[in-house]
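S.K.: Provided below for reference: sequence and predicted model.
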Amino acid sequence: MSTRKQLNNRRLKLYLEAEEKILQGQSYTISNRTLTRANLKEVRMVIDDLLAQGAVLEGMAPEKNSRSKRIVFIS
(Lines give C-alpha, C1' and ligand atoms only; values in the text may rest on other atoms or scores of the structure.)
Protein backbone atom coordinates (compact mmCIF):
# COMPACT_ATOMS: atom_id res chain seq x y z
CA MET A 1 0.00 0.00 0.00
CA SER A 2 1.36 3.42 -0.93
CA THR A 3 1.77 6.27 1.48
CA ARG A 4 0.38 9.75 0.79
CA LYS A 5 3.90 11.00 -0.03
CA GLN A 6 4.44 8.20 -2.58
CA LEU A 7 1.07 8.97 -4.18
CA ASN A 8 1.90 12.69 -4.37
CA ASN A 9 5.31 11.89 -5.89
CA ARG A 10 3.61 9.72 -8.53
CA ARG A 11 1.03 12.43 -9.24
CA LEU A 12 3.79 15.03 -9.58
CA LYS A 13 5.52 12.87 -12.19
CA LEU A 14 2.28 12.42 -14.14
CA TYR A 15 1.40 16.12 -13.99
CA LEU A 16 4.89 17.10 -15.19
CA GLU A 17 4.48 14.67 -18.10
CA ALA A 18 1.07 16.18 -18.86
CA GLU A 19 2.57 19.68 -18.78
CA GLU A 20 5.25 18.61 -21.25
CA LYS A 21 2.63 17.20 -23.62
CA ILE A 22 0.54 20.37 -23.37
CA LEU A 23 3.62 22.50 -24.14
CA GLN A 24 4.33 20.35 -27.22
CA GLY A 25 0.86 21.05 -28.58
CA GLN A 26 -2.44 21.96 -26.97
CA SER A 27 -4.60 20.09 -29.50
CA TYR A 28 -4.36 17.94 -32.57
CA THR A 29 -6.66 16.38 -35.15
CA ILE A 30 -6.68 12.89 -36.63
CA SER A 31 -9.16 12.46 -39.46
CA ASN A 32 -12.31 14.16 -38.20
CA ARG A 33 -11.54 13.79 -34.48
CA THR A 34 -9.87 16.53 -32.42
CA LEU A 35 -8.19 16.03 -29.06
CA THR A 36 -7.63 19.01 -26.79
CA ARG A 37 -5.28 18.51 -23.88
CA ALA A 38 -5.90 19.74 -20.33
CA ASN A 39 -5.70 23.39 -19.34
CA LEU A 40 -2.05 24.39 -18.75
CA LYS A 41 -2.95 26.84 -15.97
CA GLU A 42 -4.79 24.15 -14.02
CA VAL A 43 -1.97 21.62 -14.49
CA ARG A 44 0.58 24.15 -13.23
CA MET A 45 -1.60 24.93 -10.19
CA VAL A 46 -1.67 21.23 -9.25
CA ILE A 47 2.11 20.92 -9.77
CA ASP A 48 2.66 23.92 -7.50
CA ASP A 49 0.34 22.42 -4.87
CA LEU A 50 2.10 19.04 -4.97
CA LEU A 51 5.51 20.71 -4.63
CA ALA A 52 4.21 22.75 -1.69
CA GLN A 53 3.10 19.48 -0.05
CA GLY A 54 6.66 18.16 -0.39
CA ALA A 55 6.29 15.94 -3.45
CA VAL A 56 9.58 15.21 -5.24
CA LEU A 57 10.61 13.35 -8.35
CA GLU A 58 12.31 10.02 -7.73
CA GLY A 59 16.05 10.55 -7.36
CA MET A 60 15.56 14.28 -6.83
CA ALA A 61 15.03 14.26 -3.04
CA PRO A 62 16.86 17.07 -1.26
CA GLU A 63 20.01 16.09 0.59
CA LYS A 64 20.07 16.23 4.36
CA ASN A 65 21.08 19.58 5.80
CA SER A 66 20.29 21.34 2.54
CA ARG A 67 17.83 24.12 1.97
CA SER A 68 14.69 23.33 0.06
CA LYS A 69 13.36 25.50 -2.74
CA ARG A 70 9.83 25.98 -3.92
CA ILE A 71 9.02 26.38 -7.58
CA VAL A 72 6.09 28.64 -8.43
CA PHE A 73 4.76 28.62 -11.98
CA ILE A 74 3.31 31.93 -13.14
CA SER A 75 1.08 32.00 -16.15
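M.R.: Happy to help now that I have it. Since the structure is predicted, the reported quantities are computational estimates derived from the model, not experimental observations.
S.K.: what's the neighbour count on Q26?
M.R.: The number of residues packed near Q26 is 13, by other C-beta atoms under 10 Å. Quick note: C-beta positions are derived from backbone N, CA and C, even for glycine.
S.K.: before we move on, what about L40?
M.R.: Burial measure for L40: 15 neighbouring residues, criterion other C-beta under 10 Å.
S.K.: and for L23?
M.R.: Neighbourhood size, L23 [other C-beta under 10 Å]: 11.
S.K.: give the contact list for it.
M.R.: Under the criterion of C-beta atoms under 8 Å, 6 or more residues apart in numbering, the contact partners of L23 comprise L40.
S.K.: change the start of the numbering to 30 and stick with it
M.R.: Noted, 30 is the first residue going forward, which turns the last one into L52.
S.K.: where does it land in three-state SS?
M.R.: Recorded secondary structure, L52: helix (DSSP: H, G, I helix; E, B strand; the rest coil).
S.K.: how much space between it and G83?
M.R.: Using C-beta to C-beta, to the nearest Å, one gets 25 Å for the distance from L52 to G83.
S.K.: for N68, list the residues it contacts.
M.R.: Counted by C-beta under 8 Å, 6+ apart, N68 has zero contacts.
S.K.: so what pLDDT did it get?
M.R.: On pLDDT, N68 comes in at 88.
S.K.: what do you get for the one 10 residues further on?
M.R.: Per-residue confidence for D78 comes out at a pLDDT of 94.
S.K.: what secondary structure does it sit in?
M.R.: With three-state DSSP as the criterion, D78 reads helix.
S.K.: one more: L64?
M.R.: Classification of L64 by three-state DSSP places it in strand.
S.K.: quick one, helices of the chain?
M.R.: Along the chain, the stretches classed as helices by DSSP state H are 33-53, 69-81.
S.K.: would you mark the buried spots in stretch 34-50?
M.R.: Going by neighbour count (16 or more other C-beta atoms under 10 Å), the buried part of stretch 34-50 is 37-38, 40-41, 44, 47-48.
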